[in-house]
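1. 3D, please:
(chains A and B)
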Amino acid sequence: MSASPVDRETVTLDPSGGIPVVEVYFGQAQAGRFNLYLQDPSKQQTKVGSAGTASGGEIASVSVGKKASDLNNWWICIDITVMAPTGGDGQRYLAVTSLKQDGNSLISVEQSDDFSGNSESLLVYLKCQ
Amino acid sequence: MPINRTSTISVLLLASVLSVQAQNVATNAKNTTLDFSIPDSPAANVLGVTPSSITKPTTPRSFATALLNGFDQNGNFQNGISLDTAPYLLAYGDKVSLSSYQHSYALRMFSRFQTSIATTKGTSTDKSSKVGLAFQVTLFDFGDPRMNRGFLKELDQAAAKAAENVANARRAAGKPALPDPTSANFDQDSKDDIAQKTAETNKLIDPLISREKAAAWNRSSWIIAVAPSWNSPTGSTSDLRWNGGAVWTSISYGFEQVPGLRDSSQIIIETQYHNKELVNNTVSSTSQMNAGTPNSTTFLQNSWRTGVRAVIGGPETNGSFEFVYINARPYGFKSEDYAKLTFQLEKKLANNLWLTFSGGGESGRQNGQNKLLVMSSFKWGTSSH
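-> Numbering: from 1, shown residues only, chains lettered A, B, ... in the order given. I've put the predicted structure just below:
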């Protein structure tokens, strides 16, 4: 578990597997949302799909929208915002970001800390290979 | 709430003077106002010095503290501190999602379960110290922001707007929407991006959260609490002894369906049973003792208190009136029934800092023991990370 708001990891996809899905779980009964971007090897960023939100269910999920075989050396960039509905005073947050393919978790990144205000911004980068 | 330094100092000095005067006037007064509300800290409630509404009482916080000050039931001024925790959220909060919290009543009960410990020590002639331990369950809370889906949707929309604003600003500066993870200055760029997004999000959601808190201050809720306590007459921890326990329930109604009252009014009904409480005897005359009043320096008693409190105002300034009926049963002596009527004015000076002024009196006590109360005090509390 990390208190760092930024995390960069490398993940190995199965090229013959299905389209990867990013899931974010928000603990401590806090509100949250995330946006997904893909960055290609030429450093162009594209926003993917609609945002995932904590209000949508137990786990927010967004499909990467691209076949695994096409993601070699691409970056999956996850822009997360977690918010304390009661106000951040005395509150903690937990965001667990997972990349799944065919239902299997390939990597899981946990970020948690105390709120310093009513919201916190987090970034998770997953380099696909 | 911003306040300038001059007015703060003036108010502090004025309140200090009032407080000292009130302590002198009310040497034998009994405090009821601080003792009768849905309590901030249940452990402080059983000691008779409740820090009152510094924050919404049923909002679970992982760890919170509050300074206590007020008169105990024997009329002695007490200072102390309370520590409150929401143990379930502390231990298992990582496993609680917003969705599961919203869909499970049992999970909400556990998450709102509150434990607290409070200790107070008398000032001036009263050397005693007291310790209270309490457990509180919130059966329902209509002011729980996690259950307000409209408010949560607004938060989500604000966060989306903040992210988009920052992304657009980056694009306008010739940068990608998010920091480039392959860039040489990624560390600094991501740090700046997070700082900008957090600031932008807070700028948009802070007013929403403040508005929600303001709207929720008088929402209906219901709590049940149980609290054992200990007392050391000498103030030494080695002399701590059992001081009975209390069990109480408070239910508040916030007129949610009544326009005109739903934003400004609240009714709280509470009943409490306290057993084997060690009480200082303030009666000294022979005639009073012969009339059936306990004649030792301390005595034990059981008591029932039932009352109603009406609160009018808003989240930052409010006044309240309350009527409490007490049935006190001293061990081996004549029981008595009497009433207390009190008022309280509260003004929020800044976050977690309140100025209060309260007064009232008793009626129907035996042997002319009816007391008057006039008091001003500060209430200060905080939460800790």
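2. Does A:T12 touch A:L126 like I think?
-> No. The criterion here is CB atoms under 8 Å, and A:T12 misses it with A:L126 at 10.5 Å. Every residue, glycine included, has its C-beta placed from N, CA and C.
3. okay, the two: which has more neighbours?
-> Comparing A:T12 with A:L126 by other CB atoms under 10 Å in any protein chain shown, the one with more neighbours is A:L126, at 25 against 12.
4. which element is the more buried one on?
-> Under the criterion of DSSP states H and E, A:L126 resides in strand A:119-128.
5. Is chain B within reach of that strand?
-> Yes. Strand A:119-128 reaches chain B (CB under 8 Å from any CB of the partner chain) through A:119-123, A:125, A:127.
6. Name every strand pairing with that strand and say which way it goes.
-> strand A:6-11 (parallel), strand A:75-83 (antiparallel) (DSSP bridges).
7. Give the buried residues for the shortest one.
-> Across strand A:6-11, burial judged by 16 or more other CB atoms under 10 Å in any protein chain shown covers A:6-8, A:11.
8. now those residues in a markdown table, with pLDDT?
-> Listed next are the buried residues of strand A:6-11 as a markdown table, based on pLDDT from 0 to 100:
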| residue | pLDDT |
| --- | --- |
| A:V6 | 92 |
| A:D7 | 93 |
| A:R8 | 94 |
| A:V11 | 96 |
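9. ok, what's across the strand from B:L133?
-> B:I117.
10. check contacts around it.
-> Listed by CB atoms under 8 Å, 6 or more residues apart in numbering or on different chains, the contact partners of B:L133 are B:43, B:115-117, B:227-229.
11. From chain A, how far out is it?
-> B:L133 is 20 Å from chain A, where distance means CB to the nearest CB, to the nearest Å.
12. State the pLDDT value of that residue.
-> For B:L133, the pLDDT comes out at 92.
13. Let me know the secondary structure of A:Y37.
-> The three-state label given to A:Y37 by DSSP: H, G, I helix; E, B strand; the rest coil is strand.
14. so it touches A:Q44, yeah?
-> No. Look at A:Y37 against A:Q44 with CB under 8 Å: they stay out of range, at 10.0 Å.
15. between the two, who's got more neighbours?
-> Comparing A:Y37 with A:Q44 by neighbour count (other CB under 10 Å), the higher total belongs to A:Y37, at 18 against 9.
16. show me the contacts for the residue nearest to that one when sequence neighbours are not counted.
-> In space, and not counting its chain neighbours, A:Y37 is closest to A:C77: 4.1 Å by CB to CB, 6 or more residues apart in numbering or on different chains. When contacts are counted by CB under 8 Å, 6+ apart, A:C77 is found next to A:36-39, A:45, A:123-125, B:178, B:181.
17. need these in JSON lines with pLDDT, can you?
-> Listed next are the contacts of A:C77 as JSON lines, based on pLDDT from 0 to 100:
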{"residue": "A:L36", "pLDDT": "96"}
{"residue": "A:Y37", "pLDDT": "96"}
{"residue": "A:L38", "pLDDT": "96"}
{"residue": "A:Q39", "pLDDT": "97"}
{"residue": "A:Q45", "pLDDT": "96"}
{"residue": "A:L123", "pLDDT": "97"}
{"residue": "A:V124", "pLDDT": "97"}
{"residue": "A:Y125", "pLDDT": "97"}
{"residue": "B:L178", "pLDDT": "97"}
{"residue": "B:P181", "pLDDT": "96"}
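18. Make JSON lines from these and add distance to B:L355 to it.
-> Output for the contacts of A:C77, formatted as JSON lines (distance: CB to CB, whole Å):
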{"residue": "A:L36", "distance to B:L355": "49"}
{"residue": "A:Y37", "distance to B:L355": "50"}
{"residue": "A:L38", "distance to B:L355": "55"}
{"residue": "A:Q39", "distance to B:L355": "55"}
{"residue": "A:Q45", "distance to B:L355": "53"}
{"residue": "A:L123", "distance to B:L355": "43"}
{"residue": "A:V124", "distance to B:L355": "46"}
{"residue": "A:Y125", "distance to B:L355": "50"}
{"residue": "B:L178", "distance to B:L355": "47"}
{"residue": "B:P181", "distance to B:L355": "52"}
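19. between these, which is nearest B:V247?
-> For those, the closest approach to B:V247 (CB to CB) belongs to A:V124, at 48.3 Å.
20. give me every residue that touches the nearest residue to the closest one once chain neighbours are set aside.
-> What sits nearest to A:V124 in space, not counting adjacent residues and going by CB to CB, 6+ apart, is A:I78, at 4.2 Å. Neighbour list for A:I78: A:22, A:24, A:34-37, A:97, A:123-126 [criterion: CB under 8 Å, 6+ apart].
21. And for B:A328?
-> Here B:A328 is in contact with B:301-303, B:335-338 (CB under 8 Å, 6+ apart).
22. Emit the PyMOL select command for whichever of the residues you listed are buried.
-> Selection of buried members from the contacts of B:A328 for PyMOL, criterion 16+ other CB under 10 Å:
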select buried, chain B and resi 301+302+303+336+338
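23. Farthest pair within the contacts of B:A328?
-> Taking CB to CB as the measure, the contacts of B:A328 span a maximum distance of 15.0 Å, between B:N302 and B:Y338.
24. excluding its backbone neighbours, what's nearest B:V324?
-> Using CB to CB, 6+ apart, the nearest residue to B:V324 is B:G307, at 3.3 Å.
25. and the one you found, how many neighbours?
-> Counted with other CB under 10 Å, the neighbours of B:G307 add up to 20.
26. Look at it and report its pLDDT.
-> 89.
27. picking that back up, out of the buried residues of strand A:6-11, flag the one nearest to A:R92.
-> Closest to A:R92, out of all of these and judged by CB to CB, is A:D7, at 17.8 Å.
28. give me the low-pLDDT residue ranges for the stretch 51-200 of chain B?
-> Scanning the stretch 51-200 of chain B for pLDDT under 70 picks out B:51-64, B:66-77, B:124-126.
29. phi, psi of the residue in chain A positioned nearest to chain B?
-> Here chain A gets closest to chain B at one residue, A:G90, 2.9 Å apart by CB to the nearest CB. Note on A:G90: its backbone torsions stand at phi 80, psi 10 [degrees, to the nearest 10].
30. roughly how far apart are it and B:N218?
-> A:G90 sits 22 Å away from B:N218, going by CB to CB, to the nearest Å.
31. more crowded one of those two?
-> Of the pair A:G90 and B:N218, B:N218 is the one with more neighbours under other CB under 10 Å, namely 30 against 24.
32. out of everything not next to it in sequence, what's closest to that one?
-> The shortest distance from B:N218 to any non-neighbouring residue, by CB to CB, 6+ apart, is to B:Q266 (3.8 Å).
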